[in-house]
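> Here is a sequence together with a model predicted from it:
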Amino acid sequence: GQQVMQIPQYQHVQEGEDFTTYCNSSTTLSNIQWYKQRPGGHPVFLIQLVKSGEVKKQKRLTFQFGEAKKNSSLHITATQTTDVGTYFCASWRWAGSYQLTFGKGTKLSVIP
Amino acid sequence: NAGVTQTPKFQVLKTGQSMTLQCAQDMNHNSMYWYRQDPGMGLRLIYYSASEGTTDKGEVPNGYNVSRLNKREFSLRLESAAPSQTSVYFCASSLETHSNQPQHFGDGTRLSIL
């Protein structure tokens, strides 16, 4: 079935450096969602992308959906310690009914 | 506005014991979900309920049962706990089970099976 592969699994950056996580699929995705989970917390919805080539920004976060709708990326400019956590991509897939399939996540550590 | 509430937050069980994890949402959502989260595995769907009165298996349903008690509540039961079920369990809800819907998660239940 449709799966989303996420890389890298871990990323350590110095505070102020940029960070990017990638989400890839072998099949065309209807949409992509991004979630953030702080250490010890629960996943929190960040954004959803639907259109081919779509780009959305939230302050220092930039989200992109590929032209072929098979990949997506989340880029953080000038990381801060508050960005620490695990970032998940997810996509709805049909398996008798719609189910949300999550990537395994990228765990971001920010060194002050 | 509580959102999604899970109880208990922590639980330790012995192998073979049973327990029920409770979940309730106050957002008038139709769909509810149970996930487990293990290190390096991301979130895996156990069971879901697209609407009141319906439940369906997800990716990893073995060893679990669920009950959609009413529109607000969706419980997860472990009949005979096994060490492999040690995990963090998250309940989530969405307006409906449909493409383009965000999911709202509870704080999780950290379950250890000895």
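Now that the structure is in, tell me what you want to look at.
> where does chain B come near chain A, residue by residue?
B:33, B:40-45, B:48, B:50, B:56, B:58, B:90, B:92, B:97-108 (Cβ under 8 Å from any Cβ of the partner chain). The way it works is simple: take the backbone N, C-alpha and C, and place the C-beta from them, glycine included.
> and those, which of them are in strands?
Assigned to strands by DSSP state E, the following of the residues of chain B next to chain A qualify: B:Tyr33, B:Gly42, B:Leu43, B:Arg44, B:Leu45, B:Tyr48, B:Asp56, B:Phe90, B:Ala92, B:His104, B:Phe105.
> Let me know whether B:Tyr14 touches B:Leu114 as I believe.
Not quite, residue B:14 is Lys, not Tyr. Yes. B:Lys14 is within contact range of B:Leu114, at 5.5 Å (criterion: Cβ atoms under 8 Å).
> by how many degrees do the lowest-mean-pLDDT helix or strand in chain A and strand B:42-49 diverge?
Within chain A, no helix or strand scores below strand A:98-102, which has a mean of 85 by mean pLDDT, DSSP states H and E. Between strand A:98-102 and strand B:42-49, the angle comes out at 160 degrees (axes from the mean of the first three to the mean of the last three Cα atoms, to 10 degrees).
> Strand A:98-102 close to chain B?
Yes. Strand A:98-102 lies within reach of chain B by Cβ under 8 Å from any Cβ, at A:Tyr98, A:Gln99, A:Leu100, A:Thr101, A:Phe102.
> If the nearest residue to A:Leu61 once chain neighbours are set aside is in a bridge, with which residues?
Counting by Cβ to Cβ, 6 or more residues apart in numbering or on different chains, A:Leu61 lies nearest to A:Ile76, which is 5.6 Å off, once chain neighbours are set aside. With DSSP bridges as the criterion, A:Ile76 is bridged to A:Phe19, A:Leu61.
> okay, now A:Ile76: neighbour count?
22 (other Cβ atoms under 10 Å in any protein chain shown).
> Run through the residues that contact it.
By Cβ atoms under 8 Å, 6 or more residues apart in numbering or on different chains, the residues touching A:Ile76 are A:Asp18, A:Phe19, A:Thr20, A:Arg60, A:Leu61, A:Thr62, A:Asp83, A:Leu108.
> just A:Gln9 next, same as before
A:Lys104, A:Gly105, A:Thr106, A:Lys107, B:Gly40.
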